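Enquirer: All I have is the shape, not the residue letters:
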């Protein structure tokens, strides 16, 4: 991948349940798509345990390395929800009871038969100076501190909160990504792909073989920030593979032929 | 999570296609389950880009921190497959054409109508001193160097290769993991859970709220290396939640009531 003027990002998924295999992470894939659509370049994602020092170290390292960091998990009411304590230490600020967060939670629980007890009140505690991220589903907010965006682990809630957060994120030029479906093994066209990547500045060429019963091929993904250069590179792949003697076609996002 | 005498592990998923959101990773979740079943404690997983220096740094850092490292992706025939070059640098050894790997690939391609060209021959190149991991599906081997196990990115091939690799991994005591289904919100029972985790040495208590139309509850997962202590702790959660006034039951792995 070539370097880009777009904002960069990292994701930190916090949760023993992902590392034990009990729960399958859905947030990395979903956020990756969203960030890509905003022109934000995801550089790395880490899944880490519910261990305070590990969260502190990872937040500090990645918030220095990337423009934006997104965390998921560990902001609920139980003892294993330690993300807020760790993020506060990472930014060297105290955890405070946030009046607006508390107001929203009181309002939310008044409409349920659940008690707003000490455990649930913990969800109104956030690092000092952090700005709230609205939670349209279950009231308990996320927050932004520095360049770190703290979100919950439950995918539906994370997704609803991210939708509201989008407009506050710095955008970039959206990457142009063109798929060339090639009816041949990737090993047959490796030289063609390398030549295109070398010949078109700022363009990256990825090669993804696939196999179905009775059929196989390679999806070649040509991506870059410049639409014209990227399109030219994709056409060069198409022409190169056809010249080699295999069928090759630029396809739409849904896999259907263009034209 | 408490410290354990079991081997520890990390996973490195290498691939721009995961970070762009184009492909959803399946290997972290699958490997996490497999490692758990073998008594190997997965400490962290990282998804990184097809960038040589990043692969080198990540392999070096994680192979020093964990007993075992598993990588997925980047060992195919095209120019974006740079895992082997990077791993060789990480271990300061040259890349060699491995005679046995080459023999297997020649045999494999002789049975196809694909040419064993220069790009495909690259799949016989591995870091010097590495030991092969058999590939029962498509011949191109993975390998072990130091404590690092290099596997492909395609999930079916990774899975087939891991099955053969299992018997060569150091095992541990398999973690006992007991689920207590509680018909109440996690915020109601946070204190009970904390008390159990504090009171039962070596036991970790995770709390996973769930919601369905018209119903909600909390799956409490009690885990530990000692079966008797872990079982006692799970029973203490069950009893505590019942004493609070909510239904609570230890369930089987498939969610049915134990009888």
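Expert: Looks like it came in fine. Because the structure is predicted, anything quoted here is derived from the model rather than measured. Numbering: from 1, shown residues only, chains lettered A, B, ... in the order given.

Enquirer: could you list every residue that touches the residue in the stretch 151-259 of chain A that chain B sits nearest to?
Expert: The stretch 151-259 of chain A approaches chain B most closely through residue A:190 (3.3 Å), counting by Cβ to the nearest Cβ. From N, CA and C alone the C-beta is placed, and that goes for glycine too. By Cβ atoms under 8 Å, 6 or more residues apart in numbering or on different chains, the contact set of residue A:190 is A:207, B:77, B:78, B:79, B:117, B:118, B:119, B:122.

Enquirer: So among those, which ones count as buried?
Expert: Neighbour-count burial within these applies to A:207, B:77, B:78, B:79, B:119, B:122; the criterion is 16 or more other Cβ atoms under 10 Å in any protein chain shown.

Enquirer: nearest spatial neighbour of the residue of the stretch 151-259 of chain A closest to chain B, skipping sequence neighbours?
Expert: Closest residue to residue A:190 apart from its sequence neighbours, by Cβ to Cβ, 6 or more residues apart in numbering or on different chains: residue B:119 at 3.3 Å.

Enquirer: That neighbour belongs to a helix?
Expert: Yes: with DSSP: H, G, I helix; E, B strand; the rest coil as the criterion, residue B:119 is located in a helix.

Enquirer: Could you report the neighbour count for the residue nearest to residue A:145 when sequence neighbours are not counted?
Expert: Nearest non-adjacent residue to residue A:145, counting by Cβ to Cβ, 6+ apart: residue A:130, 4.0 Å away. Applying other Cβ atoms under 10 Å in any protein chain shown, we find 24 residues neighbouring residue A:130.

Enquirer: Could you double-check that residue A:130 sits in contact with residue A:144?
Expert: Yes: counting by Cβ atoms under 8 Å, residue A:130 does reach residue A:144; the two are 6.2 Å apart.

Enquirer: shared neighbours, these two?
Expert: Counting by Cβ under 8 Å, 6+ apart, the shared contacts of residue A:130 and residue A:144 are residue A:150.

Enquirer: Wasn't residue A:132 part of a strand?
Expert: Yes: counting by three-state DSSP, residue A:132 falls inside a strand.

Enquirer: That one - nearest residue in space that isn't next to it in sequence?
Expert: With Cβ to Cβ, 6+ apart, the residue lying closest to residue A:132 is residue A:141, at 4.4 Å.

Enquirer: show me the contacts for residue A:119.
Expert: Applying Cβ under 8 Å, 6+ apart to residue A:119 gives the contacts A:77, A:78, B:186, B:187, B:188, B:190, B:191.

Enquirer: if I look at the fifth one, how far off is residue A:64?
Expert: So that's residue B:188. Distance of residue B:188 to residue A:64, given as Cβ to Cβ, to the nearest Å: 39 Å.

Enquirer: So between the two, which is more surrounded?
Expert: residue B:188 (20 against 10).

Enquirer: My guess is that one contacts residue B:245. True?
Expert: No: applying Cβ under 8 Å, one finds residue B:188 not in contact with residue B:245, separated by 9.0 Å.

Enquirer: measure stretch A:104-121 end to end?
Expert: Between the opening and closing residues of stretch A:104-121 there is a gap of 11 Å (Cα to Cα, to the nearest Å).

Enquirer: Which ones among the buried ones among the contacts of residue A:190 map onto helices?
Expert: residue B:119 (DSSP state H).

Enquirer: In strands, which of the buried ones among the contacts of residue A:190 fall?
Expert: Counting by DSSP state E, the buried ones among the contacts of residue A:190 place residue A:207 in strands.
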